[in-house]
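1. Whatever this is, show me its structure:
(one chain, ligands or ions: 1)
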Amino acid sequence: MENIKHILWSGGWDSTFMLCKMAREQNISIQPHYMILKDSKITFIELKRMYIIRKLLKEKTDIKAEILKPIVHKAQSYNEIDEKILKSFSNLIRQYRLGAQYLYFTYIANKFPGIALGQENYYRKPGKMNIIIREKGNIQFSEDGVGYLPKNIDSDIYCILGNYTFPIFQLSEMQMLEMVKEWGYEDIMKYIWFCYEPLDNQPCGICYTCCGKMSANMFNLFPDKALLRYMIYKELEQKDKKLSKDFVDYFLHNKITKNKNIFKNLLKQEFSREIIIQRIKKCLDSNIK
Ligand SMILES: [Zn+2]
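-> Next comes the predicted model:
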């Protein structure tokens, strides 16, 4: 197999789904790239999970591709990054508040043009990246549904995002979830990692990325405790936004608060998993209205 396709793989939902989809459909070699963005316990958890996922994928009989061992990159320091890239990136964050990781990813994308990025379609509302790629990047699709950005777009956007391909841009997390069920890949996808603030090495349920998974109804990825934490957070949010923020700051950032005991007692409540999910869905539905 000479045909090698490069992908950015973080061990998260989107990029892992993309890896599975490509590996099922194409008789190629897939070279994953992983970027260490900060030295943290998250990097360790992610790499460990990716090792498990790759091993499980090898055992699947419907995988056509050979998945190579991920190449691990370390984020460069600012003075090692090309002037032009820094300039384009600072122009972009001024307008769109793009995530800092894209600055470092550009280094890999320039080395491996056409590298696949696991950016998905939106479900409840579009995120920053989705808006940039769709509206300013004028994303186009090849016959096989893979997205790419044409050259005649804003030069800063092209500089930072022009070297990627987007194989899953037309799929929302809900659609991916359906496909995973259809393939029978839940056993693999349960090893993905997404949480930035793990509590006892488990997803917290209330950080930015956990909230994203919750609002896409991906409750299977969470232990009961994280679901309860999220339910309380959402119900507090409906009554008192400040109190809900306090709740998150207390659990994720150890912030001192006079509401500490209230929060602790709320977490002592016992509900079945089904009831918790029902109450979460109710909060999420009232958010859209
Ligand atoms: Zn989290």
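
2. and residue 17, what is it in contact with?
-> 118, 120, 168, 176, 179, 180, 189 (CB atoms under 8 Å, 6 or more residues apart in numbering). From N, CA and C alone the C-beta is placed, and that goes for glycine too.

3. can you confirm residue 22 is in a helix?
-> Yes: the assignment for residue 22 is a helix, going by DSSP: H, G, I helix; E, B strand; the rest coil.

4. coming back round to it: turn the contacts of residue 17 into JSON lines, including pLDDT, neighbour count and distance to the ion.
-> Below are these laid out as JSON lines (pLDDT from 0 to 100; neighbours: other CB atoms under 10 Å; distance: CB to the ion, whole Å):
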{"residue": "118", "pLDDT": "95", "neighbour count": "23", "distance to the ion": "19"}
{"residue": "120", "pLDDT": "90", "neighbour count": "24", "distance to the ion": "19"}
{"residue": "168", "pLDDT": "97", "neighbour count": "25", "distance to the ion": "22"}
{"residue": "176", "pLDDT": "93", "neighbour count": "25", "distance to the ion": "19"}
{"residue": "179", "pLDDT": "97", "neighbour count": "15", "distance to the ion": "24"}
{"residue": "180", "pLDDT": "96", "neighbour count": "22", "distance to the ion": "20"}
{"residue": "189", "pLDDT": "94", "neighbour count": "21", "distance to the ion": "17"}
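
5. Which members of those occur in helices, if any?
-> Applying DSSP state H to the contacts of residue 17, the entries found in helices are 176, 179, 180, 189.

6. got the residues you listed as TSV, with distance to residue 63 columns?
-> TSV is the format used below for the ones in helices among the contacts of residue 17 (distance: CB to CB, whole Å):
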residue	distance to residue 63
176	17
179	15
180	14
189	14
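
7. ok, so of those residues, who is nearest residue 211?
-> Of all these, residue 211 sits closest to residue 176, with 17.8 Å by CB to CB.

8. quick one: contacts for the closest one?
-> 13, 14, 17, 120, 168.

9. run the last query once more with 10 Å
-> Residues near residue 176 by CB atoms under 10 Å, 6 or more residues apart in numbering: 13-14, 16-18, 20-21, 118, 120-121, 123, 168, 189, 216, 218.

10. what's the answer for residue 278, then?
-> Contacts of residue 278 (CB under 10 Å, 6+ apart): 231, 271, 272.

11. Okay, buried residues for the host helix or strand of it please.
-> Of the helices and strands defined by DSSP states H and E, residue 278 is found in helix 273-288. Residues of helix 273-288 classed as buried under the neighbour-count rule (16 or more other CB atoms under 10 Å) are 276, 277, 279, 280, 283, 284.

12. Averaged pLDDT, stretch 9-26. What do you get?
-> The average pLDDT within stretch 9-26 is 96.

13. relative to its centroid, which residue of this protein is most remote?
-> Distance from the centre of the chain peaks at residue 258, with 33.8 Å (CA atoms, centre = their mean).

14. how far is the helix ranked longest in the chain from where the chain is centred?
-> The helix that spans the most residues within the chain, counting by DSSP H, is helix 41-59. What separates the centre of helix 41-59 from the centre of its chain is 15 Å, taken as CA atoms, centre = their mean, to the nearest Å.

15. what's the answer for stretch 257-267, then?
-> That offset, for stretch 257-267, works out to 30 Å (CA atoms, centre = their mean).

16. which other residues reach it?
-> By CB under 10 Å, 6+ apart, the residues outside stretch 257-267 that reach it are 225, 228-229, 231-233, 235-236, 243, 246-247, 249-251.

17. what about residue 85, how many neighbours?
-> Residue 85 has 17 neighbours, counted by other CB atoms under 10 Å.
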